[in-house]
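Engineer: return a 3D structure for these sequence lines:
(2 chains)
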Amino acid sequence: MNLSLKPATAEGETLVDLATTPLRELNGALHKLAPDTNQTLWKIAHPAGRHAIAAGLDVPVTIEIDGPVGYYCAGMNKQARVIVHGNAGVGVAENMMSGFVHVKGDASQAAGATAHGGLLIIDGNASARCGISMKGIDIVVKGSVGHMSAFMAQAGTLTVLGDAGEALGDSLYEAKLFVRGSVSSLGADCIEKEMREEHKALLAEKLKAAGILGEVDIAEFRRYGSARTLYHFHVDNVSSY
Amino acid sequence: MCGIVGLFLKQPKLEPELGALLSQMLDIMCDRGPDSAGFAVYGGGTPGFVKLTLRGPAGTDFAALGEAIGHPIRPRDTHGVLSVPVEEEASVRAALARLAPELRVVGAGTRMELYKEVGLPADVAKRFKLEEMSGTHAIGHTRMATESAVTTDGAHPFSTGPDQCLVHNGSLSNHAGVRRLLAREGLPVTTENDSEVAAAYLTYRMRGGDTLGEALEHSLGDLDGFYTFVVGTESGFGVLRDPIACKPAVMAETDDYVAFASEYRALAGLPGIETARVFEPEPARVYFWDRAA
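Structural biologist: Numbers count the residues shown, from 1 in each chain, chains lettered A, B, ... in the order given. Purely as a prediction, here's the structure:
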């Protein structure tokens, strides 16, 4: 263990100040953790918007970041819980495989992009392309999402308590989209679908995972999904591709 | 990729620190654009006088040139600033063109001074002693060239009208057509750079009576491509992103200032940032602040 990563008094808790510790040193230390490590709680001070903080983790530890982070925070995450007490830059939790990422502020573009699994919660708004090409992640945004969200989304769920911007779910595959507020416009091949009991149950499960079941009325949500007309090339659809 | 920073002060108390704050923001954006850098600072001005910022080759003898044209020139590295009565501007420009044809007038206005050079942005800021400058607002740019060569002429900001300047991250796809329109309207664009076309387009709109806000609104329809613009005028500060929001942008607002940067990292050192309202400007929405308002 490098000297600049000081174990704190509480057992298993490690404090890292990025004002004095190079980010590579922090990420290197996190990557070296064994699956049964006792260093299960990491508190990161002064992130100052640095990029790729806690990216590429593959251990069941908790990382609490005290302030705003830059691009690709918790990217490729497996198993870890990453909590950001601030805003997140482009691509937070992009390509997450499993685990949990919670942004207490707003997220920039492409939050949860291409992610295969895990849960991403954003307390504020997420801007454009939230969940682009998502492949199984569950995303819960308590605010609104920007344009082109869930573009080419293949699997997983995107739950939005606020509004969605233009071209929601463009060229969507099988991801399920739940939006409580307004949708500026639907993208090509994305349609509103009936909210059946199984969908209400699925939404309830996601709201429960996000800790807000009972705080919002499930009946206020509408479901959007793929019309499945663009799965295979057809010349009549050429203008929609 | 390029980096943009901007700082617009709402209260006078930070004015002496404007250059130091912008310099620190510009340093952090070196990562996004190591080729060249430039900045425009809106400092003090004298009514009835126009400030001309000149750029010459290294070693230009600004003192001798100032004596020759009868107006002292305040040198800063490869640039020099002189203040002349408005009615003498044309004759001074003519004298400069005759006596020192290698010089360029890179900016003109009541309050704006504009500096740009090839090199690492942190070094460029040091060469011009940006950290010593004061003023009400300033914008800066770190360039990673894509559409034209790495030259000082291609560095931002671009100024195409009095006290007007623009920095741009992105690239325009219809700049050739807009360039022809501007040439017909008597606003020739002097470089091959697409961003200068955007600057001249805004000048063209404002010359026709638009406010900066209105000119930015019109550019949404007339400029095609991807862009984040930050624009300065004598009293105003504007921000516009293309409708797709291709290029990054983040802003922070407090009672004391409005700040813009390509990435939050560049804002992290500003005073009071912990409690500032930090937000991502929305695509295709004009943001505009004016000190006169």
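
Engineer: what helix or strand is whichever residue of chain A sits closest to chain B on?
Structural biologist: Nearest residue of chain A to chain B (Cβ to the nearest Cβ) works out as A:G49 at 3.5 Å. To be clear about C-beta, it is placed using only N, CA and C from the backbone, and glycine gets the same treatment. Using DSSP states H and E, A:G49 maps to neither a helix nor a strand.

Engineer: check A:I65 too.
Structural biologist: Going by DSSP H and E, A:I65 is in strand A:62-66.

Engineer: report whether that strand contacts chain B.
Structural biologist: No: using Cβ under 8 Å from any Cβ of the partner chain, strand A:62-66 stays clear of chain B, coming no nearer than 10.7 Å.

Engineer: gap between that strand and the chain center?
Structural biologist: With Cα atoms, centre = their mean, to the nearest Å as the basis, strand A:62-66 stands 16 Å off its chain's centre.

Engineer: from A:C73, how far out is the residue of chain A closest to chain B?
Structural biologist: 10 Å (Cβ to Cβ, to the nearest Å).

Engineer: next one: B:V150
Structural biologist: From B:V150 across to A:C73, the span is 32 Å (Cβ to Cβ).

Engineer: tell me the secondary structure at the nearest residue to B:P188 once chain neighbours are set aside.
Structural biologist: Counting by Cβ to Cβ, 6 or more residues apart in numbering or on different chains, B:P188 lies nearest to B:L182, which is 7.1 Å off, once chain neighbours are set aside. State at B:L182, reduced to three classes by DSSP: H, G, I helix; E, B strand; the rest coil: helix.

Engineer: and B:L182, what does it touch?
Structural biologist: B:L182 makes contacts with B:P188, B:V189, B:V197, B:A200, B:Y201, B:Y204, as judged by Cβ atoms under 8 Å, 6 or more residues apart in numbering or on different chains.

Engineer: can you give me the strands in the stretch 1-150 of chain B?
Structural biologist: B:3-9, B:36-42, B:49-55, B:74-76, B:79-85, B:104-109, B:112-118, B:137-143 (DSSP state E, counting those that start in this stretch).

Engineer: quick check: next helix or strand after the strand holding A:I65?
Structural biologist: Next along from strand A:62-66, by DSSP H and E: strand A:81-84.

Engineer: packing partners of that next one?
Structural biologist: In terms of contacts (3 or more Cβ pairs under 8 Å, 6 or more residues apart in numbering or on different chains; DSSP states H and E), strand A:81-84 is packed against strand A:62-66, strand A:100-103.

Engineer: show me the helices in the chain, by range?
Structural biologist: With no chain named, the answer covers chain A. Assigned by DSSP state H, the helices in chain A fall at A:23-32, A:197-209.

Engineer: oops, I was thinking of chain B
Structural biologist: Counting by DSSP H, the helices of chain B are B:18-28, B:62-69, B:89-99, B:121-127, B:175-184, B:194-207, B:212-222.

Engineer: the shortest one packs against which elements?
Structural biologist: The one in question is helix B:121-127. Using 3+ Cβ pairs under 8 Å, 6+ apart: helix B:121-127 touches helix B:18-28, strand B:36-42, strand B:112-118.

Engineer: closest to chain A out of the ones you listed?
Structural biologist: Judged by Cβ to the nearest Cβ, the one of those that comes nearest to chain A is helix B:18-28, at 9.0 Å.

Engineer: ok, residues contacting the closest one?
Structural biologist: Helix B:18-28 is contacted from outside by B:3, B:5, B:7, B:9, B:14, B:37, B:39, B:41, B:121-122, B:125, B:129-138, B:140, B:142, B:259, B:261, B:263, B:265-271, using Cβ under 8 Å, 6+ apart.

Engineer: CA atoms only for that helix, dumped as PDB, please.
Structural biologist: Presented in PDB, the C-alpha positions along helix B:18-28 are these (Å, rounded to 0.1, in the frame of the first residue of the first chain):
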ATOM      1  CA  LEU B  18     -10.100  38.100 -14.000                       C
ATOM      2  CA  GLY B  19      -6.800  37.300 -15.900                       C
ATOM      3  CA  ALA B  20      -5.500  35.000 -13.100                       C
ATOM      4  CA  LEU B  21      -8.800  33.100 -13.000                       C
ATOM      5  CA  LEU B  22      -9.000  32.700 -16.800                       C
ATOM      6  CA  SER B  23      -5.300  31.700 -16.900                       C
ATOM      7  CA  GLN B  24      -5.900  28.900 -14.500                       C
ATOM      8  CA  MET B  25      -8.900  27.700 -16.500                       C
ATOM      9  CA  LEU B  26      -6.900  27.800 -19.700                       C
ATOM     10  CA  ASP B  27      -4.100  25.800 -18.200                       C
ATOM     11  CA  ILE B  28      -6.400  23.000 -17.300                       C
END
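
Engineer: before we move on, back to that, would you list the contacts of B:L182 in a markdown table and tack on neighbour count, distance to B:T46 and pLDDT?
Structural biologist: Shown next, in a markdown table, are the contacts of B:L182 (neighbours: other Cβ atoms under 10 Å in any protein chain shown; distance: Cβ to Cβ, whole Å; pLDDT from 0 to 100):
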| residue | neighbour count | distance to B:T46 | pLDDT |
| --- | --- | --- | --- |
| B:P188 | 11 | 29 | 84 |
| B:V189 | 22 | 30 | 91 |
| B:V197 | 25 | 32 | 96 |
| B:A200 | 27 | 27 | 96 |
| B:Y201 | 26 | 30 | 97 |
| B:Y204 | 21 | 28 | 97 |
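
Engineer: for chain A, state which of these is nearest.
Structural biologist: Using Cβ to the nearest Cβ, B:Y201 is the member of the contacts of B:L182 that lies nearest chain A, at 24.8 Å.

Engineer: look up the closest residue to the closest one, ignoring the ones flanking it.
Structural biologist: B:V178 (5.7 Å).

Engineer: ok so, going back, the more surrounded of B:V150 and A:C73?
Structural biologist: A:C73 (31 against 14; other Cβ atoms under 10 Å in any protein chain shown).
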